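**Q** Could you work out the structure for the sequence below:
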Amino acid sequence: MVKYNSDALNTTFAALADPTRRAILVRLAECEATVGEIARPFEMSLPAVSKHLAVLADAGLITRSKEGRVRRCGMRAEPLRAAYDWIRGYRQFWEGRLDSLEAYLRDTNDQVGRSKGRDDGGSRDGH
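**A** Residues are numbered from 1 along each chain as shown. I've put the predicted structure just below:
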């Protein structure tokens, strides 16, 4: 497995743990937006949205810039790539394990089926 910066992964996953922050990232994946535009669909105060943005910024998932009085945010994909790579490694591990389990269950089922065929003596009426 590839080594990862566990602090960065922890921060990324903590930021992604909240559905509001995930929704913000979905919005920012489309295009940059002002804080007001980001806050509009949420039923929460602007300071609450700003706190979510701060968590995303601390995780490196968004960029923030100020143009005069307007604050704009954009998405940064790099931390998501690191999280995806980490998850992908475990996906490959578990798919291999599940493939082995499937083969074992198929072999076991085949053996049980062959045993049942011998146990009934080939008779259809059970005698």
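
**Q** now the helices for this structure?
**A** Along the chain, counting by DSSP state H, helices occupy 6-16, 19-30, 35-39, 46-58, 78-119.

**Q** To Glu67, which of the ones you listed lies closest?
**A** Glu67 sits nearest to helix 35-39 of all the helices of the chain, at 11.9 Å, using Cβ to Cβ. (Each C-beta comes from the backbone N, C-alpha and C, glycine too.)

**Q** Ok, which of the helices of the chain comes nearest Arg71?
**A** Between these, helix 35-39 lies closest to Arg71; by Cβ to Cβ that is 4.9 Å.

**Q** tell me what the closest one is packed against?
**A** Judged by 3 or more Cβ pairs under 8 Å, 6 or more residues apart in numbering; DSSP states H and E, helix 35-39 is in contact with helix 19-30, helix 46-58, strand 70-75.
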